[in-house]
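A.B. asks: This is the structure alone, sequence omitted:
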Ligand SMILES: [Zn+2]
């Protein structure tokens, strides 16, 4: 059911302070920037202009999406490329009043091509730091390991993530081919990540059912689940998520474009919210899925009927679930609470 958005609520959505936790760097590159970088690096892309890049963002299914993701990531080679895309993303997020974000990079895309991941991570961190200096938005990095690349590489890449903790790397996650590579393969890798002080998340329950979420929570001890929407099929799992304080990082437009839930009216967002599961709202790959975080909040209002209170809670859930030290997290939560209260008073929403 579609709900129209009252002008004051619309204004609230535009101006509210925001936090995003499920966002892939490679899916956030402006088509014009991607083309410029590919040209600079002499990499042939299957598109000549912006319209051609946008044309690639038509997927028949999730594996189509993974293929496009890999093809486009090939344009990126050196620290300078990552500094540029990170800087632009920082500004894009600041334009939407984001105060904090965690951005995933897919390390195998670069490691498999023999690129220098330290240079890549430190380039991205420099771009984010520059955006923070200019606009105030704070951005950290999470390694999102493509589970189809196997255990051996995972151990190497975890080492790289750990020694880049001084360069904004705060988390470890798995993504990629959920259907053929269950979470339990990576139990020991997650144990080691946690022992080293990285916080952990896992893509689960996006294209595969509740079993993958059970494993991500119980075996990997992931504190956040990317998507996790299939938990709606298992009431015991819903109760388990609530009890374990595990949060679902939900990305409705992504689910629409990868064909996971089409049409969006079939999305379990409202049922999950009503069931009391902790949820955050995210874009996943905003350029690939033709969206922004502000658009996702609008969508939550008009497609899932969220009011100002529910929207504010989604932001606060994200602040609480951030991979930040406790003192920084408290400061972020307090800041958001104050600004949201002032905005709600001013707009009467
Ligand atoms: Zn994702």
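C.D. replies: All right, it came through fine. Quick caveat, the model's predicted, so the values are computed rather than measured.
A.B. asks: Ignoring the adjacent residues along the chain, who's closest to residue 60?
C.D. replies: residue 259 (7.1 Å; C-beta to C-beta, 6 or more residues apart in numbering). (Glycine included, C-beta is placed from N, CA and C.)
A.B. asks: mind pulling up the phi and psi values for the one you found?
C.D. replies: The phi/psi pair for residue 259 (degrees, to the nearest 10) reads phi 80, psi 10.
A.B. asks: Contact partners for it?
C.D. replies: Residues counted as contacts of residue 259 (C-beta atoms under 8 Å, 6 or more residues apart in numbering) are 59, 60, 61, 62.
A.B. asks: Spell out which two among the residues you listed are the most distant pair, please.
C.D. replies: Spanning the widest gap among the contacts of residue 259 are 60 and 62, at 9.3 Å by C-beta to C-beta.
A.B. asks: if you count what's nearby, which of these two comes out ahead?
C.D. replies: For residue 60 and residue 62, the more surrounded residue by other C-beta atoms under 10 Å is residue 62, and the numbers stand at 18 against 9.
A.B. asks: Quick one: list the elements packing against the lengthiest helix in the chain.
C.D. replies: Using DSSP state H, we find that the single longest helix of the chain is helix 326-347. Using 3 or more C-beta pairs under 8 Å, 6 or more residues apart in numbering; DSSP states H and E, the elements in contact with helix 326-347 are helix 7-15, strand 98-105, helix 308-321.
A.B. asks: so which of the ones you listed is the most packed in?
C.D. replies: Comparing those by mean neighbour count (mean count of other C-beta atoms under 10 Å), strand 98-105 ranks first with a mean of 24.
A.B. asks: one step back: ok and the longest helix of the chain relative to strand 98-105, angle-wise?
C.D. replies: When axes from the mean of the first three to the mean of the last three C-alpha atoms, to 10 degrees is applied, the directions of helix 326-347 and strand 98-105 differ by 130 degrees.
A.B. asks: Run through who's touching helix 326-347.
C.D. replies: When contacts are defined by C-beta under 8 Å, 6+ apart, helix 326-347 is touched by residues 8-9, 11-12, 15-17, 19, 99-100, 308, 312, 315-316, 319-320, 322, 324, 349.
A.B. asks: and with 10 Å instead?
C.D. replies: With contacts defined as C-beta atoms under 10 Å, 6 or more residues apart in numbering, helix 326-347 is touched by 6-12, 15-19, 97, 99-100, 138, 308-309, 311-313, 315-316, 318-325, 349.
A.B. asks: mean confidence for it?
C.D. replies: Mean pLDDT, computed over helix 326-347, is 98.
A.B. asks: angle of the helix or strand of the chain with the lowest mean pLDDT against strand 98-105?
C.D. replies: Ranked by mean pLDDT, DSSP states H and E, the weakest helix or strand in the chain is helix 62-73, scoring a mean of 81. Interaxial angle, helix 62-73 versus strand 98-105 (the same axes, to 10 degrees): 90 degrees.
A.B. asks: From the contact counts, what lies against helix 62-73?
C.D. replies: On a contact count with 3 or more C-beta pairs under 10 Å, 6 or more residues apart in numbering; DSSP states H and E, helix 62-73 meets helix 31-40, helix 50-56, helix 108-111, strand 138-146, helix 252-257.
A.B. asks: what comes up buried for the helix or strand following it?
C.D. replies: Using DSSP states H and E, the helix or strand that follows helix 62-73 in sequence is helix 79-95. For helix 79-95, the neighbour count (16 or more other C-beta atoms under 10 Å) marks 79, 81-90, 92-94 as buried.
A.B. asks: thinking again about what came up before, would you format the helices and strands packed on helix 326-347 as a markdown table with mean pLDDT and distance to the ion included?
C.D. replies: Formatted as a markdown table, these follow (pLDDT from 0 to 100; distance: least, C-beta to the ion, whole Å):
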| stretch | mean pLDDT | distance to the ion |
| --- | --- | --- |
| helix 7-15 | 98 | 23 |
| strand 98-105 | 98 | 7 |
| helix 308-321 | 98 | 15 |
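A.B. asks: So which of the contacts of residue 259 is the closest to residue 293?
C.D. replies: Ranked by distance to residue 293 (C-beta to C-beta), these are led by residue 59 at 21.0 Å.
A.B. asks: Quick check: phi and psi at the residue in the stretch 51-200 of the chain that the ion sits nearest to.
C.D. replies: Nearest to the ion in the stretch 51-200 of the chain, going by C-beta to the ion, is residue 175, at a distance of 5.5 Å. Backbone torsions for residue 175, taken as degrees, to the nearest 10, come to phi -140, psi -160.
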